[in-house]
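Participant: here is my input, please return the structure:
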Amino acid sequence: MAQRSLLKADRWIALLGAPTAEDTLIRHYTLTRAELDHVRGKTAPHNQLGLAIQFCLMRHLGRSWRHEEALPAVMVEFIAEQIDVEPAVLAEYGRREQSRREHALEAQGYLGLRPADRHDLRAALTAAVAAADASDQGQPIAEAMIAALRERQALLPAVDTLDRIGRAARAMARRRMQAALLNGLGPEQVGMLDSLLFVDPAIGMTRFAWLRTLPEAPSEKSLMALIERLRFVRDLSFDPRSRDRIHPDRWMQLVREGNVTPSWLAGDFNEGRRRTTIAAQLIELTGRLTDAAITMFCRLIARLFMRSRARRDRRHLDARADTARLMGLFRDTLRALAEASETGEDTFDVLDRRIGWHHLMRARAEVEAIAGSTDPDPLLGAAERSDGVRRSAHALLEAFVFRSARRHDPLLTALCLLRQLVQNGRRSLPDKVPVGHLKDRVRKVVLAGGGADRRLYEVATFAVLRDRLRSGDVWVEGGRSYQPLDAHLMPSPAFRARKAADDLDLGIPRNVDAWLAEKQRELDFKLKQLAYRARVGKLPGVRLVDGVLIVSPPRANVPKAAEAVKWLCLDRMPLIEITDLIADVDAWTGFAGCFSHLRTGEPVRSLPALYAGILADATNLGPKRMAEASEGVSARQIAWARLFHLRHETFKAGVARVIDAQLVHPYARIWGAGSTSSSDGQFFRAAGRGARRADVNAHYGGDPSSKFYTWISDQHGHFYILPMGATESEAAYVLDGLYGHESRLEIEEHYVDTGGANDHVFGSFAVLGKRFAPRLRDLKDWRLHAFEDVGAYPLLKRHIGDRVDAAAIREAWDEILRIGLSIETRAVAPSTVLKKLAALPRTNVLSRALREIGRIERTLFMIEWYSDPALRSRCRAGLNKGEAGNKLTRAVFFHERGEIRDGSFESQAFRASALNLVVSAIILWNTVYLSRVVDHLRADGHDLPEELLRHVSPQIWEHINLIGTYDWSGKSKLPTGTFRSLRVPRPAFLAA
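Facilitator: Here you go, the predicted model:
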């Protein structure tokens with residue numbers, strides 16, 4: 001079988017072809033004075049032009065003019081103009097091959113170049129191998145060879161030679177990688193690797209598939225299944241340190257390839273590639289299974305306590321009727337006593353007449369029961385039904401080694417004790433057990449019977465373990481996610497070097513005292529200014545009632561005429577199939593080029609298959625039914641495109657292409673400059689396998705659900721999306737979209753609802769130099785914080801909370817700077833930091849310091865919110881764009897009743913990414929055609945001011961057909977540079 005070339009012909013042309021772009025010609029094909037003199041030394045015009053071309057090609061591309069190579073006319077004209085000859089004379093140059101060879105040698109000598117010899121080719125091979133060690137893709141390998149030859153002042157050989165060297169280098173790098181992973185394995189280990197691809201009758205699938213099929217539904221059975229898989233991998237005895245012998249980029253590529261490779265395809269690989277792929281997956285699975293098991297444990301413990309609280313709340317609800325009845329009896333008793341006091345009658349006679357003594361006595365037992373009952377600690381309810389969780393947690397203790405930053409940590413001592421009890425089969429606790437890890441309240445519950453109750457002790461200890469794992473205060477060997485915060489941040493030496501060089505570029509200075517002094521002055525002035533304006537009634541839309549500032553509900557700021565303008569535009573938007581819309585947007589942006597092949601980096605072979613795969617996830621239809629509902633594409637093509645071209649990073653790049661096109665479109669400036677954004681979570685009901693891994697958020701009903709959290713720019717572009725659990729806090733993720741997207745948007749101000757706001761988020765935005773503007777519900781209940789005592793602001797005393805803890809900020813300032821720089825340089829996701837800080841105890845210095853910075857920034861923001869109606873209006877407008885986006889998202893994600901049925905987080909992430917891309921494409925398409933509609937209407941004499949047009953959102957879909965048969969044949973494809981005809985609205989009497 002013929003070997004696959006290093007690069008396709010078009011990629012070689014892009015690297016070594018003669019240019020046509022004007023800026024490239026000006027930069028690289030402008031002859032110097034000395035070169036002009038040298039060229040003009042030739043008498044014949046065609047020789048002058050030929051020599052000049054040789055000069056330019058060698059100087060720019062490092063190669064000679066190939067025999068029979070046709071040069072771009074624009075390049076020939078550019079060079080000919082400089083030497084005052086006609087481009088047509090070049091036709092005479094090729095008639096005498098001897099002249100061309102002589103001129104090539106002359107240009108080589110003048111530029112100090114020479115033909116590549118075997119030493120140069122060996123250097124090119126060495127450079128290519130080094131590049132291939134990091135990547136299997138041909139582009140970086142080819143670029144490395146070219147750079148090495150140019151550095152040695154050697155002319156590039158023919159493309160065939162370069163391609164052959166590059167392929168040899170890639171093969172050598174692959175063999176080196178295989179040796180790094182497989183050398184040292186014994187025959188038994190190699191045999192076990194091969195056996196993983198055989199179907200095991202005991203489980204009905206290959207062990208390779210079984211290992212990578214991770215249960216995600218939170219249950220004791222799932223946790224035991226994860227631990228079983230981890231033990232299986234450990235029994236294979238592969239050294240995880242072997243990955244250190246492979247370039248990190250190559251390792252990640254190998255892992256990504258393995259992740260999408262099913263067992264049947266791995267079985268078709270050659271022996272070396274097959275074993276390398278499986279070995280890499282096994283090494284990677286150690287960390288993945290560890291993280292999955294710990295996550296499952298944390299979810300099970302959280303669910304124990306959540307259900308305990310739910311049962312307690314239900315008991316309260318069930319007792320509410322009895323409580324109300326007894327309170328009515330108590331009310332009647334008080335009335336009878338008051339009557340006896342007023343009339344002077346005998347108290348017992350009045351009670352007996354009005355109520356009945358027997359009624360009071362009958363209620364006595366109920367009253368005593370209610371009066372004697374107190375809210376039970378959730379630990380008691382959790383322990384009642386903890387048998388299954390405790391059994392699986394015992395297996396967890398035996399499977400993992402836990403570490404702590406604290407010396408003589410009582411939690412680790414307690415875990416060691418529980419592990420020993422399980423191993424020895426003992427049912428009771430010793431007389432003395434470590435309790436230093438338990439809070440006083442919990443300790444009293446555990447020791448209430450005079451000694452420690454094992455069930456209570458275990459559940460309480462596991463709850464502490466969960467909290468400290470989430471904070472990074474305790475971590476597990478072999479995992480990646482559950483590591484201390486320090487392990488996720490930029491290394492301390494690198495941070496100190498950047499700080500010493502004053503190269504932080506954050507929103508806060510290096511000097512903490514200067515920052516605190518400035519904030520103290522600013523806070524004091526603005527609080528006094530707020531008090532003064534409140535007293536004299538100079539806060540627009542805000543009134544002072546009994547010492548409390550109350551913001552009046554906002555009035556609608558959409559002009560009535562905007563609705564008419566909206567329908568005037570919509571009636572002229574072209575009707576279009578969603579398939580044609582996607583193809584149109586790709587023709588404008590080239591987003592399909594971002595979906596490169598995982599292994600080769602080449603573009604997708606079948607654009608319809610790529611489009612269909614994206615739309616299958618975006619509409620929730622799924623690939624199989626998409627193939628059934630499609631024309632012009634097969635199920636096999638869709639499956640191949642999804643398997644090797646649709647990935648998280650390719651979706652991000654594709655969305656960025658669309659968002660960037662929206663950003664530079666002139667009409668999009670009507671809605672904003674791309675400098676502000678909002679984010680919001682949208683709930684989707686879960687069903688089927690999706691319901692088993694989903695959580696119930698009581699605020700949105702009693703059904704399991706999942707959430708897609710979306711970031712939207714002020715131009716309506718959906719530039720990032722993230723799936724998350726229904727009960728997860730949105731606040732931890734707010735910054736992820738601002739640092740996770742790849743578009744050219746530069747967001748300066750961000751809006752969220754109350755669910756996305758807390759003091760840690762306020763502090764993080766300030767550290768990173770961005771503005772956070774949430775719409776806070778029940779604003780009067782949020783405290784203002786000052787450096788001074790509340791007495792300094794008497795009018796605001798009902799709003800003032802605790803004083804700012806400046807000492808905590810000073811103590812942790814350097815670590816705050818390090819966190820900020822780690823986020824700014826993308827060394828860590830913001831949510832990783834914020835979730836760990838949120839899980840730390842409130843006494844933790846770092847967590848408290850960021851919270852105090854957030855309190856300062858939130859106070860300044862709240863003062864501005866009270867003072868500036870424009871800020872309130874701006875925030876409301878930004879969030880309204882998000883709500884409009886949710887409607888469009890719901891309209892696109894309509895199959896399966898809009899329910900999420902995927903059983904894995906990865907599948908949900910694919911659906912979310914595809915949905916985001918399609919929604920972004922719809923918005924860009926609408927933007928382009930709204931612009932054309934407006935131009936057409938204005939040409940017809942309609943007065944359409946921008947203050948009305950900005951209320952016509954591109955998040956519309958009435959003119960788009962999302963259902964029916966999906967035709968991917970391209971029959972409706974437009975010629976390049978053309979547009980679809982606008983609709984002509986029908987007269988009202990015809991429409992009727």
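
Participant: show me where pLDDT drops low in the stretch 101-250 of the chain?
Facilitator: Scanning the stretch 101-250 of the chain for pLDDT under 70 picks out nothing.

Participant: mind listing the helices for it?
Facilitator: Using DSSP state H, counting those that start in this stretch, the helices of the stretch 101-250 of the chain run over 118-134, 138-151, 159-182, 187-195, 207-212, 220-235, 248-260.

Participant: surely residue 506 touches residue 767?
Facilitator: Yes - the pair residue 506 and residue 767 passes the contact test of CB atoms under 8 Å, sitting 5.9 Å apart. The way it works is simple: take the backbone N, C-alpha and C, and place the C-beta from them, glycine included.

Participant: quick check on residue 942: phi, psi?
Facilitator: Backbone torsions of residue 942, given as degrees, to the nearest 10, read phi -80, psi 140.

Participant: so what pLDDT did it get?
Facilitator: Note for residue 942: predicted pLDDT of 92.

Participant: would TSV of the helices of the stretch 101-250 of the chain with mean neighbour count and distance to residue 609 be doable?
Facilitator: Conversion of the helices of the stretch 101-250 of the chain to TSV gives the following (neighbours: other CB atoms under 10 Å; distance: least, CB to CB, whole Å):
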stretch	mean neighbour count	distance to residue 609
helix 118-134	19	29
helix 138-151	20	23
helix 159-182	18	27
helix 187-195	13	33
helix 207-212	20	24
helix 220-235	18	33
helix 248-260	18	16
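
Participant: and of these, who's closest to residue 695?
Facilitator: Judged by CB to CB, the one of the helices of the stretch 101-250 of the chain that comes nearest to residue 695 is helix 220-235, at 14.5 Å.

Participant: next, the angle from the closest one to helix 187-195.
Facilitator: Here helix 220-235 runs at an angle of 140 degrees relative to helix 187-195 (axes from the mean of the first three to the mean of the last three CA atoms, to 10 degrees).

Participant: where does pLDDT dip in the protein?
Facilitator: Applying pLDDT under 70 to the chain flags residues 1-3, 94, 369-375, 692, 698-701, 903, 987-992.

Participant: and it, what are its domains?
Facilitator: As recorded under automatic domain parsing, the domains making up the chain are 9-179, 189-301, 316-372, 401-483, 560-655+906-991.

Participant: nearest to residue 748, of the ones you listed?
Facilitator: domain 560-655+906-991 (19.2 Å).

Participant: can you give me the offset of that closest one from its chain's centre?
Facilitator: 23 Å (CA atoms, centre = their mean, to the nearest Å).

Participant: including distance to residue 848, could the domains of the chain go into a markdown table?
Facilitator: Below are those laid out as a markdown table (distance: least, CB to CB, whole Å):
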| stretch | distance to residue 848 |
| --- | --- |
| domain 9-179 | 43 |
| domain 189-301 | 24 |
| domain 316-372 | 34 |
| domain 401-483 | 13 |
| domain 560-655+906-991 | 34 |
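
Participant: which one of those lies closest to residue 530?
Facilitator: Between these, domain 560-655+906-991 lies closest to residue 530; by CB to CB that is 31.1 Å.

Participant: tell me how many other residues surround the closest residue in space to residue 687 that isn't next to it in sequence.
Facilitator: Spatial nearest neighbour of residue 687, excluding adjacent residues (CB to CB, 6 or more residues apart in numbering): residue 899 at 4.2 Å. Here the count is done by other CB atoms under 10 Å, and residue 899 has 19 residues near it.

Participant: then the one 3 residues further on?
Facilitator: Taking other CB under 10 Å as the criterion, the count of residues near residue 902 is 23.

Participant: give the contact list for the residue lying closest to it once chain neighbours are set aside.
Facilitator: Distances taken as CB to CB, 6+ apart place residue 908 nearest to residue 902, at 4.9 Å, with adjacent residues excluded. Counting by CB atoms under 8 Å, 6 or more residues apart in numbering, residue 908 makes contact with 690, 706, 723, 900, 902.

Participant: between the residues you listed, which is nearest residue 949?
Facilitator: Using CB to CB, the contacts of residue 908 come closest to residue 949 at residue 723, 34.2 Å.

Participant: partners of the closest one in the sheet?
Facilitator: residue 708 (DSSP bridges).
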